[in-house]
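K.L.:
how does the following fold in three dimensions:
(one chain, ligands or ions: 1)
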Amino acid sequence: MSDKFMDNGIDTAVVGATGAVGEVMLQILASRNFPVGELFPLASQRSMGKTVEFKDKNYPVINLETFDFSKCKLALFSAGGEISKQYVPKALEQGCFVVDNTSMFRNDDAIPLIVSEVNPDALGDNKLIANPNCSTMGMLVAVKPLYDKFGVKRIDVSTYQAVAGAGKKAISRLSEQTMDMIHMREIKAEDYDPFPCQIAFNLIPQIGDFTDNGYTTEEMKMVNETHKILEDSSIGVNVTCVRASVFYGHSMTVRMEFANSDWSVDEAREVLSVAPGLTVIDEQKDGGYPTPMNEGGGKDDVYVGRLRRDISDPRALNLWLVSDSLRKGAALNSVQIAELALEQNKL
Ligand code: A2P
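P.N.:
A predicted model of the protein is given here:
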């Protein structure tokens with residue numbers, strides 16, 4: 001850490017501080033004792049007059065539109081891609097180190113995309129770091145140690161993603177629609193937003209928009225970001241992303257095809273059980289696996305279970321994975337990137 005901030009801490013802006021991820025960012029900055037100096041919680045005009053809580057104190061929300069980023073050294077962005085497109089360049093020009101949680105800069109070759117346990121060395125001298133997609137993040141925390149040990153050639157993944165990943169409005173929508181269903185009230189199409197159809201008691205096989213190849217933007221994020229983070233575009237990545245009627249905790253089935261069949265499930269479990277940021281719950285009995293209700297909300301680690309060899313192909317391992325999309329999938333990793341920058345004297 002540079003001397004200037006040793007005593008007073010790092011003056012920090014959280015862009016999108018009133019949002020689902022922004023709120024968790026504030027909690028995580030506090031709980032990990034990140035050395036925040038002055039805090040600037042930023043949001044839109046809509047939030048003027050509101051406050052956010054940080055370390056038992058209330059802070060008035062500040063309007064992003066007129067904010068002078070030269071007041072702070074670190075800016076954590078999580079207010080949507082368009083906001084990042086508009087304001088990240090300003091924050092950089094005004095001297096901030098920026099961690100961007102949106103997809104705006106993730107595919108830019110010049111900008112590192114970092115999962116703290118996977119590729120911390122990618123930080124380099126960059127002042128802008130992109131935080132990966134929430135599902136890519138959870139998946140790679142489990143894939144990387146197996147990739148290093150056994151050489152992953154192909155990944156087949158299907159996700160069951162919680163509504164929290166789509167923001168506060170999405171969380172409210174699932175509660176409202178759940179109440180409507182219980183009280184047998186009709187749910188109208190105008191009440192689907194931000195989803196394309198009813199989410200309560202449903203599964204929606206679309207996250208993001210459709211692209212020309214028939215996959216959705218969320219699915220293509222998992223493909224492209226996996227290649228970029230592992231620096232290996234030879235890995236086959238086959239993805240289906242599904243929004244589930246679950247409040248917190250993204251889940252997924254992951255099938256990894258290794259270079260050969262010369263490994264055992266016990267070895268794979270051992271590799272995962274000592275990997276950073278991972279907890280294995282794989283008891284092969286009733287309830288002996290992670291679920292989004294138990295492990296998907298408020299926990300930092302990525303959880304894996306249901307480890308078994310593919311009976312149709314001895315090279316492949318199947319597993320089940322649960323992680324909190326707001327924590328490891330977004331806010332926690334953003335703060336971990338800031339911690340890396342601090343450790344490496346980049347802040
Ligand atoms: P606001 O609450 O003022 O709308 P979520 O992902 O939960 O929907 O949260 C989105 C976050 O991004 C909120 O903090 C929201 O602030 C913020 N945001 C959205 N649009 C803007 C904008 N135009 N300017 C600043 N912040 C914005």
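K.L.:
going by C-alpha atoms from here, please, whenever you check contacts or count neighbours.
P.N.:
OK.
K.L.:
name the next helix or strand downstream of the helix or strand hosting Arg173, please.
P.N.:
With elements taken from DSSP states H and E, the one containing Arg173 is helix 168-182. Sequence-wise, the next helix or strand downstream of helix 168-182 (DSSP H and E) is strand 203-204.
K.L.:
parallel or antiparallel, list what pairs with that following strand.
P.N.:
strand 243-244 (antiparallel) (DSSP bridges).
K.L.:
now the helix or strand containing Ile129: how far from the chain's centre is it?
P.N.:
Secondary structure from DSSP H and E places Ile129 in strand 128-130. With CA atoms, centre = their mean, to the nearest Å as the basis, the distance from the averaged C-alpha position of strand 128-130 to the chain average is 14 Å.
K.L.:
list the contacts of it.
P.N.:
92, 97-103, 105-106, 111-114, 123, 337 (CA atoms under 8 Å, 6 or more residues apart in numbering).
K.L.:
tell me the average confidence for stretch 53-72?
P.N.:
The pLDDT scores in stretch 53-72 average 98.
K.L.:
count the neighbours of the closest residue to Asp125 other than its chain neighbours for me.
P.N.:
Nearest residue to Asp125, sequence neighbours excluded (CA to CA, 6 or more residues apart in numbering): Lys346, at 7.2 Å. Residues near Lys346, counting by other CA atoms under 10 Å, number 17.
K.L.:
if I look at Lys346, how far off is Leu340?
P.N.:
8 Å (CA to CA, to the nearest Å).
K.L.:
how about Ile204?
P.N.:
Distance from Ile204 to Leu340, by CA to CA: 37 Å.
K.L.:
go on, Pro292?
P.N.:
29 Å.
K.L.:
likewise for Ala331?
P.N.:
Where Leu340 is concerned, Ala331 sits at a distance of 14 Å (CA to CA).
K.L.:
also Thr102?
P.N.:
Taken as CA to CA, the span from Thr102 to Leu340 is 19 Å.
K.L.:
and the two? Which one has more around it.
P.N.:
Shown here are Thr102 and Leu340; by other CA under 10 Å, Thr102 has more neighbours (21 against 17).
K.L.:
hmm, Gly80 and the more buried one touching each other?
P.N.:
Yes: Thr102 is within contact range of Gly80, at 5.8 Å (criterion: CA atoms under 8 Å).
K.L.:
if we can go back for a sec, between which two of the contacts of strand 128-130 is the distance greatest?
P.N.:
Leu92 and Ile114 (18.4 Å; CA to CA).
K.L.:
ok so Val88 is a helix residue?
P.N.:
Yes: the assignment for Val88 is a helix, going by DSSP: H, G, I helix; E, B strand; the rest coil.
K.L.:
pretty sure it is touching Phe97, no?
P.N.:
No: distance between Val88 and Phe97: 9.8 Å, which falls outside the contact criterion (CA under 8 Å).
K.L.:
skipping adjacent residues, who's closest to Gly249 in space?
P.N.:
That would be Gly296: by CA to CA, 6+ apart, it lies 3.6 Å from Gly249.
K.L.:
quick check: Phe67 vs Gln94, distance?
P.N.:
Distance from Phe67 to Gln94, by CA to CA: 11 Å.
K.L.:
now swap in Ala259 and tell me
P.N.:
48 Å.
K.L.:
ok, now Ser323?
P.N.:
35 Å.
K.L.:
count residues in the vicinity of Cys72, would you?
P.N.:
With other CA under 10 Å as criterion, Cys72 counts 20.
K.L.:
could you do Asp212 as well?
P.N.:
Neighbour number of Asp212 under other CA under 10 Å is 8.
K.L.:
any idea how far it lies from the ligand?
P.N.:
26 Å (CA to the nearest ligand atom, to the nearest Å).
K.L.:
ditto for Tyr160
P.N.:
Relative to the ligand, and taking CA to the nearest ligand atom, Tyr160 is found at 19 Å.
K.L.:
helix or strand for His227, which one?
P.N.:
Using DSSP H and E, His227 falls in helix 217-230.
K.L.:
tell me which residues of that helix come out buried.
P.N.:
217-223, 225-230 (16 or more other CA atoms under 10 Å).
K.L.:
for it, packing partners?
P.N.:
helix 134-150, strand 236-240 (3 or more CA pairs under 8 Å, 6 or more residues apart in numbering; DSSP states H and E).
K.L.:
CA atoms only: put the helix holding Arg173 into PDB for me.
P.N.:
The C-alpha trace of helix 168-182 is given here as PDB (Å, rounded to 0.1, in the frame of the first residue of the first chain):
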ATOM      1  CA  LYS A 168     -33.300  -6.300  -6.500                       C
ATOM      2  CA  LYS A 169     -36.200  -5.900  -8.800                       C
ATOM      3  CA  ALA A 170     -35.900  -9.600  -9.700                       C
ATOM      4  CA  ILE A 171     -35.900 -10.600  -6.100                       C
ATOM      5  CA  SER A 172     -39.100  -8.600  -5.500                       C
ATOM      6  CA  ARG A 173     -40.700 -10.100  -8.600                       C
ATOM      7  CA  LEU A 174     -40.200 -13.600  -7.300                       C
ATOM      8  CA  SER A 175     -41.700 -12.800  -3.900                       C
ATOM      9  CA  GLU A 176     -44.700 -10.900  -5.500                       C
ATOM     10  CA  GLN A 177     -45.400 -13.700  -7.900                       C
ATOM     11  CA  THR A 178     -45.000 -16.400  -5.200                       C
ATOM     12  CA  MET A 179     -47.700 -14.600  -3.100                       C
ATOM     13  CA  ASP A 180     -49.900 -14.200  -6.200                       C
ATOM     14  CA  MET A 181     -49.600 -17.900  -6.900                       C
ATOM     15  CA  ILE A 182     -50.400 -18.800  -3.200                       C
END
